[in-house]
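Student: Pasted the sequence and its predicted model underneath.
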Amino acid sequence: MGELLCFPNNTHCCRRVAAETLGCHFCLHVTESGAPGARPSKARVVQIGSALNVPSNNKRRAHLLAFIQHGVNSHATGMWRYPKDKVGWDWTRPPYWQHMARTMERGLFDAIFIADELAPYNNYQASSDACVKYAVQCPTHEPSTIVPIITTATQHLGVGVTLSTAFEHPYSMVRRLSSLDHLSGGRVAWNIVSSYSKSEWDAYGQEMTLRSGRYERMEEYMELCYRLWDSWEPDAIVANKATGIFADPAKVHEVDFRGEFFRCKARSFVFRSPQGRPVLWQAGSSDRGRDFAAKHAEAVFAVHPNVERMRQYTDDLNDRLYRKFERPAGSVKLIYGLQTVVAETRREAEEKHERLKASIPLEGALAWISGHFGPDFSKYSLDEHVQNIEVPGIQGLFESVIYAKGGAPVTVREAALYYAQGMGMPIVVGSPADVADQIEHFMDRGGADGFMLIATHTPGCFEEFVDMVVPELQRRGRYRTRYPGTTLRDSLHES
């Protein structure tokens, strides 16, 4: 049985965990003999992916997406100062994004997934100073502006764009997304979000609404979007030059919508796009959020720190699909967050991981968890246990922190530095074979359909993954060797 170095923080020695449960502490250590207790010279995690008795022709193939932001720094805090980050590239200019896109298409990724935040976090020390000072997701430029840059540089790569329902009317949202779907030839997805941080509501001059009310509003938002997308029938355009008739008004329906939150009386201004609707993506993690995802999404992005939590989420979402919404179990793709640090050898990967962690500023990390979760963590001792702190922010991501050590207490310092590495995602560090082993494990035991690969240094982290890990996955029959069609929905629905 092979072995694998993995997971986020090498500063805590943990108990040995059976291979079947592949644990959830920051780092798992076993001695050379496999006995618990002693700290070995090399940190390792026992992997079981290659030992599974599953016929190779029955194994599912992974879907891969790149998780980034339109900014100087994405979700690994401090990476802008890593010596190999963006060497020779300017992230504000098209060539950088074109190169990133071509790299991902060379790696046959489903899509590049653009996260977003509408304003700098401002609740750490009641200010956004720390976010500005340490480039904590700041500056971040508008996400949809780079969609045409990416899609004109590629032929198959999709683009998932995060757009908030909080401050934009459904009519303009539909117009923008359908326009992008046309320009890309059917390669756009919408990550549906409601704004969760106080800073966003402050920036737009509005009082932050209750979480429950936001979901009720989002349900009505989606109902109006669906009506607008479907208002142009597929054969509405006649384009008969002899008669001068371009479109049949009887097949372009006016939407007359009067809801609790929105009103609209108009035809959609954009005719039916190649996909009809963009691929709908969601990241619901609370109980209400999971219901929203099970009802609306074609794919879900979730962050869980270990395989047990992945399996629990997989089973729960599939149950909601079938029991509550009469959708087939497995009909929504489950894409789990993952960060990889890969090198030719395990030792090289370990050394690289240590250099990456050294780039994280503690104060910047505290500012980030304050922004994501709500409390001002400057008011707490660094040794306070986060399990004792109530958070109003992103519940699912906070759970990734709580369970990062298998439910054992996690201090504020540990939580901040752990989260700043990769937003609570499991971190796999090792050779290409090591990384492929763990990907197989998460798929076969956790129920993952694929992975959202969170960036460290760019574009290098994606170049390394494409050059080293993708061929290993293909060799094992766990990854595609060509694109299945022309649209993002074609790629995503490939089994």
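Tutor: Looks like it arrived, so ask away.

Student: could you give the mean pLDDT of stretch 320-330?
Tutor: Averaging pLDDT along stretch 320-330 gives 96.

Student: Start and end of that stretch, how far apart?
Tutor: Distance between the two ends of stretch 320-330: 11 Å, counting by CA to CA, to the nearest Å.

Student: Likewise for stretch 102-112?
Tutor: With CA to CA, one end of stretch 102-112 sits 11 Å from the other.

Student: Mind listing residues that contact that stretch?
Tutor: 63-66, 68, 100-101, 150, 153-160, 187, 189, 450, 459, 462-463, 465-466, 470, 479-483, 488, 491-492 (CB atoms under 8 Å, 6 or more residues apart in numbering). In short, each C-beta sits where N, CA and C put it, glycine included.

Student: could you redo the last one with a cut-off of 7 Å?
Tutor: Applying CB atoms under 7 Å, 6 or more residues apart in numbering, the external contacts of stretch 102-112 come out as 63-66, 68, 100-101, 150, 153-154, 156-160, 189, 459, 462-463, 465-466, 470, 480, 483, 488, 491-492.

Student: Same check on stretch 279-290?
Tutor: So stretch 279-290 is contacted by 160, 189-192, 212, 215, 292-293, 296-302, 316-317, 320, 395-396, 488-489, 492 (CB under 7 Å, 6+ apart).

Student: tell me which helix or strand of this structure sits lowest on mean pLDDT?
Tutor: strand 45-46 (a mean of 30; mean pLDDT, DSSP states H and E).

Student: need the next SSE after that one, C-terminal direction.
Tutor: Following strand 45-46 in sequence order, the next helix or strand is strand 63-69 (DSSP states H and E).

Student: what sits against residue 311?
Tutor: 445-447.

Student: got it, and residue 239?
Tutor: Applying CB under 7 Å, 6+ apart, we find residue 239 in contact with residue 246.

Student: Surely it is within a strand?
Tutor: Yes. With DSSP: H, G, I helix; E, B strand; the rest coil as the criterion, residue 239 is located in a strand.

Student: pLDDT weak spots in the stretch 251-400 of the chain?
Tutor: For the stretch 251-400 of the chain, the stretches flagged by pLDDT under 70 are 393-396.

Student: where do the helices sit along it?
Tutor: Ranges of helices within the stretch 251-400 of the chain are 287-296, 307-325, 346-357, 362-373, 395-402, based on DSSP state H, counting those that start in this stretch.

Student: what's next to the third one, contact-wise?
Tutor: Right, helix 346-357. Against helix 346-357 from outside (CB under 7 Å, 6+ apart): 5, 82, 341-343, 421, 429-431, 434, 456.

Student: Generate JSON lines for the residues you listed, with neighbour count as supplementary columns.
Tutor: Shown next, in JSON lines, are these (neighbours: other CB atoms under 10 Å):
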{"residue": "5", "neighbour count": "25"}
{"residue": "82", "neighbour count": "22"}
{"residue": "341", "neighbour count": "28"}
{"residue": "342", "neighbour count": "25"}
{"residue": "343", "neighbour count": "20"}
{"residue": "421", "neighbour count": "26"}
{"residue": "429", "neighbour count": "29"}
{"residue": "430", "neighbour count": "29"}
{"residue": "431", "neighbour count": "21"}
{"residue": "434", "neighbour count": "27"}
{"residue": "456", "neighbour count": "27"}
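
Student: Which of the residues you listed fall in helices?
Tutor: Per DSSP state H, helices hold the following members of the contacts of helix 346-357: 421, 434.

Student: For the longest strand anywhere in the chain, which strands pair with it and how are they oriented?
Tutor: As assigned by DSSP state E, the longest strand anywhere in the chain is strand 333-342. Its sheet considered, strand 333-342 pairs with strand 299-302 (parallel), strand 427-430 (parallel), strand 450-454 (parallel) by DSSP bridges.

Student: still on that earlier bit, can you say which of the contacts of stretch 279-290 are buried?
Tutor: Using 16 or more other CB atoms under 10 Å as the burial test, the contacts of stretch 279-290 include 160, 189-192, 215, 292-293, 296-302, 317, 320, 395-396, 488-489, 492 as buried.

Student: thinking again about what came up before, quick one: which of the strands paired with strand 333-342 is nearest residue 78?
Tutor: strand 450-454 (14.0 Å; CB to CB).

Student: show me what contacts residue 86?
Tutor: For residue 86, counting by CB under 7 Å, 6+ apart, the contacting residues are residue 458.

Student: That one and residue 252: what is the separation?
Tutor: 46 Å (CB to CB, to the nearest Å).

Student: I'd say residue 387 and residue 409 touch.
Tutor: Yes. Here residue 387 lies in contact with residue 409, judged by CB atoms under 7 Å, at a distance of 6.1 Å.

Student: which residues touch residue 360?
Tutor: Here residue 360 is in contact with 77-78, 417, 420-421 (criterion: CB under 7 Å, 6+ apart).

Student: hmm, which of the contacts of stretch 102-112 are the buried ones?
Tutor: Buried among those (16+ other CB under 10 Å): 63-66, 68, 100-101, 150, 153-154, 156-160, 189, 459, 462-463, 465-466, 470, 480, 483, 488, 491-492.

Student: Narrow those residues to those in strands?
Tutor: Going by DSSP E, the strands hold 63-66, 68, 158-160, 189 from the buried ones among the contacts of stretch 102-112.

Student: Grab the nearest non-local neighbour of residue 222.
Tutor: With sequence-adjacent residues excluded and distances taken as CB to CB, 6 or more residues apart in numbering, residue 222 is closest to residue 296, at 5.8 Å.

Student: residues contacting that neighbour?
Tutor: Residue 296 touches 222, 280, 282, counting by CB under 7 Å, 6+ apart.

Student: returning to that earlier point: among the strands paired with strand 333-342, which comes closest to residue 205?
Tutor: Residue 205 lies closest to strand 299-302 among the strands paired with strand 333-342, at 29.5 Å (CB to CB).
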